[in-house]
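**Student:** let me see the structure of the following:
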Amino acid sequence: MYQPRTLMIQTIPMKLQQVSESCFAVLNERNRVCDANSGLINLGGGVVIDTQSDLPHGRQMIELFGKVWPGLPKRVINTHEDGDHVWGNQLFEGAEIIAHRTVRELMPKVADPKETQQLLKASDRVLTRLLLKALHPGALAVARQLQEDYDFDGIRLVLPTTVFEERHVLDLDGTEVHIIYVGPCHQIGDTIIHVPKEKVIFAGDVIFRECTPMGWNGTYEKWLKILHLIISLDPDVIVPGHGPVCGIEGAIQMKAYLQYVREESKHCFGQGLSALEAAKKIDFGPYGGWRAPARLYMNVERAYREFRSEAADAPWDHARVFDAVLAVAKAKGIPVEF
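**Tutor:** Have a look, this model is predicted:
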């Protein structure tokens, strides 16, 4: 197995890590909401996987990748439609941007930066800040956290230029790269990138590592099935969408977490508890040391939707979700973190 090496730049807490002969990762070390990872395959003109949450982080990613790849890579892959993985697309002018068909369809709605920009502006104004504090304190808390870490000004949504259905294969100087649609797990457009020759998988948000996962669309059954698929591909290295690089133990721990939450949620559902009551009651178990453990609420609510036979793509009220995460953190006596 390849022994990784690490390169550091101090201005933003991101690091470049070589994970195989031709594959690299840029990792966001805070590991909070929006702290997404990116990948680089330095073959065939260069391929970047996910483009960061804002322009400063995107430029920092390009600077780090510049240590091993001169100039801008010719291709970009978006692993799904969330803004924290696509808001740096505009920095790769002229590149082919590859994604699943649903990513291009959903990005204008899911990744519209205006919603986040408006929330942050509202949190800066006295009257709207007071309203948020009274009506949606969780939304105010997440806005404050994002302001500490990110600058969403100037983001222009750039959509994928090449879309595929089930699988897309690149031949990079004789090395095959398999782009595989696996959604919906975390999101509808979930895609993993497999480099069989180097035994590397870029997993997008199908895998969170050392931080509590969030699932917006899909079912537990599908997510567990795809984690089993990743394990069966027998990678030496997995680059998760969030958190440090891992091996198959990252997929195994994700499976264990999802199974634990679903079983605990089923028990609480049978007792007639609401999803919020259940999230306050369920012990974090061995996962309490992960970042943002109060995100547990989102995973309980997702299980409850399945128990109620609701649609897997039913919309979420984000403000209410953040309020619930804040309520769980307060109930458990831990600092709120999203």
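**Student:** all contacts plus neighbour counts: C-alpha atoms, from now on.
**Tutor:** Will do.
**Student:** how much space between the closest residue to Tyr297 other than its chain neighbours and Gly94?
**Tutor:** Excluding the flanking residues, the one nearest Tyr297 by C-alpha to C-alpha, 6 or more residues apart in numbering is Ala279, at 5.1 Å. Shown here: Ala279 relative to Gly94, a distance of 46 Å by C-alpha to C-alpha, to the nearest Å.
**Student:** the more surrounded of the two?
**Tutor:** Ala279 (30 against 12; other C-alpha atoms under 10 Å).
**Student:** wait, the more buried one touches Val300, no?
**Tutor:** Yes: using C-alpha atoms under 8 Å, Ala279 is in contact with Val300, at 6.4 Å.
**Student:** check the secondary structure at Lys255 for me.
**Tutor:** Three-state call for Lys255 (DSSP: H, G, I helix; E, B strand; the rest coil): helix.
**Student:** strands of the stretch 201-338 of the chain, start to end?
**Tutor:** 237-242 (DSSP state E, counting those that start in this stretch).
**Student:** mind checking how far Leu159 is from Pro113?
**Tutor:** For Leu159, the distance to Pro113 - C-alpha to C-alpha - is 13 Å.
**Student:** now do the shared contacts for the two.
**Tutor:** Listed contacts common to Leu159 and Pro113 are nil; contacts here mean C-alpha atoms under 8 Å, 6 or more residues apart in numbering.
**Student:** nearest residue to the residue positioned nearest the centre of the chain in space, please, no chain neighbours.
**Tutor:** Centrality entry for the chain: nearest residue to the mean C-alpha point is Asp205, 4.0 Å, by C-alpha atoms, centre = their mean. Closest residue to Asp205 apart from its sequence neighbours, by C-alpha to C-alpha, 6+ apart: Gly241 at 4.4 Å.
**Student:** OK, contacts around the one you found?
**Tutor:** 36-38, 202-208.
**Student:** break this structure into its domains for me.
**Tutor:** 5-110+160-246, 113-149, 258-332 (automatic domain parsing).
**Student:** just the endpoints, please. Distance across the shortest one?
**Tutor:** Taking C-alpha to C-alpha, the first and last residues of domain 113-149 lie 16 Å apart.
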